[in-house]
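J.: prediction below, plus the sequence it came from.
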Amino acid sequence: MRNLNLDQLQTLVAIADLGTFAAAAQALHLAPPTISLHIKELESRMEAALLVRGRRQAELTPAGEALVQEGRKLLAASDDLIDLVRRRASGREGIVRVGVSAGVSTRLLPLMLQSLAARSPGVEVRLEAVASADAMLRLKAATLDVAIVASPQPPVAGIGLTPWRNDPMVALLPAAWDAPDPVTPGWLAERRWASFAPATQMHGLIAAWFGQAGYHPRPFLTLSYPGALKSLAAASQSAALLPLEEVEDLRDAPGVQIRPLSPPLMRPMAVAHRHAPAPHGGVAQVLAVLGEFAD
């Protein structure tokens, strides 16, 4: 039985993205008859119609949609494999896929990457924003190599967790607000405040802080990225609860003020990776650099 042809699959994905055979031919630097032949042979191999040609553009059939969705993963894996072989052939250490959960400091990440580049220039890190629970499952499935996750996490067989940071949370407020020092759940519950998206562990951490004081306020807005929450406070739209590490660069900013919380709220994080095979090469280098930034 013939295997799936990745060049033909790439042609189908290009048509799905660009809408027409002609646009796909131009992007892939192929002659239009070659594009048509790729699709014809791919449909023959799949024994299914994958595209319907319209007057202005080609549309995927349900079978075509399924093939494109899963085919993107195959093409990405193929690119990673080629890169791995080339890196090993040239003596470089390869790609390390790192999952990063919401709330990880956008100030720390560039510093960690800079340190890694100085220590191990042959290691390339590919960062992916992924929820902590999903990161644990992806580590087990070997689609991630390392993850920075909220702690604690339910145990996952074969995945180790090493405590990493335990950063205090603070309130980032518009400068014009007459705010107490420290900020309490009761005071903040009566004002506009923004939080991380409900799917994140950070959302639950903040909700528990309010709940333990007897409050259950609804946030003005929920967002997935710390930078967006910081922007709301800077624009005088709302308060935001963020790790202190995330707002250190705003201490002298004129548009905002930073206040501690009472009772204190801490954000614990851990580094997760597979026990077997034992970390080596690029993964070991990434873990070493993360260790340098632990508190």
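T.: Yep, it's here. Numbering: from 1, shown residues only.
J.: ranges for the helices of the stretch 151-295 of the chain?
T.: 185-189, 201-212, 226-234, 244-247, 281-292 (DSSP state H, counting those that start in this stretch).
J.: same question for the stretch 1-150 of the chain.
T.: Counting by DSSP H, counting those that start in this stretch, the helices of the stretch 1-150 of the chain are 6-18, 21-28, 32-46, 62-89, 108-119, 132-140.
J.: which among those is found nearest to residue 269?
T.: Nearest to residue 269 among these is helix 132-140; the distance by Cβ to Cβ comes to 8.9 Å. For the C-beta atoms, the positions are set from N, CA and C on the backbone; glycine is no exception.
J.: any low-confidence regions in this protein?
T.: 1-2, 87-93, 102-103, 277-280 (pLDDT under 70).
J.: need the residue closest to the centroid of it.
T.: residue 129 (0.7 Å; Cα atoms, centre = their mean).
J.: any idea what the residue nearest to it when sequence neighbours are not counted is bridged to?
T.: Once its chain neighbours are removed from consideration, residue 129 has its nearest residue in residue 100; the separation is 5.9 Å (Cβ to Cβ, 6 or more residues apart in numbering). Beta-bridge partners of residue 100, counted by DSSP bridges, are residue 129, residue 148.
J.: so what's residue 100 up against?
T.: Taking Cβ atoms under 8 Å, 6 or more residues apart in numbering, we find residue 100 in contact with 109, 127, 128, 129, 130, 147, 148.
J.: so which of the residues you listed is the most crowded?
T.: The residue in these with the most neighbours, by other Cβ atoms under 10 Å, is residue 148 (27 neighbours).
J.: ok, that one to residue 204 distance?
T.: Note on residue 148: its distance to residue 204, by Cβ to Cβ, to the nearest Å, is 17 Å.
J.: and for residue 270?
T.: 16 Å.
J.: out of those two, which sits in the busier spot?
T.: Of the pair residue 270 and residue 204, residue 270 is the one with more neighbours under other Cβ under 10 Å, namely 20 against 14.
J.: identify the bridge partners of the more buried one.
T.: For residue 270, the beta-bridge partners are residue 149, residue 163 (DSSP bridges).
J.: list the residues that contact the closest residue to residue 60 other than its chain neighbours.
T.: Counting by Cβ to Cβ, 6+ apart, residue 16 is the residue found nearest to residue 60 once chain neighbours are left out, at 5.6 Å. Each residue near residue 16 by Cβ under 8 Å, 6+ apart is listed here: 60, 64, 68.
J.: so what sits opposite residue 222 in the bridge?
T.: Beta-bridge pairing for residue 222 (DSSP bridges): residue 195.
J.: neighbours of it, just the number please.
T.: Using other Cβ under 10 Å as the criterion, residue 222 is surrounded by 15 other residues.
J.: go on, residue 61?
T.: Residue 61: 14 surrounding residues under other Cβ under 10 Å.
J.: ok, of the contacts of residue 100, which one's closest to residue 229?
T.: Distances from the contacts of residue 100 to residue 229 were compared by Cβ to Cβ; the smallest belongs to residue 129, at 14.5 Å.
J.: mind checking how far the closest one is from residue 268?
T.: Spatial separation of residue 129 from residue 268 under the definition Cβ to Cβ is 19 Å.
J.: re earlier: now render the contacts of residue 16 as JSON lines, adding neighbour count and distance to residue 134.
T.: Output for the contacts of residue 16, formatted as JSON lines (neighbours: other Cβ atoms under 10 Å; distance: Cβ to Cβ, whole Å):
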{"residue": "60", "neighbour count": "18", "distance to residue 134": "27"}
{"residue": "64", "neighbour count": "24", "distance to residue 134": "27"}
{"residue": "68", "neighbour count": "18", "distance to residue 134": "22"}
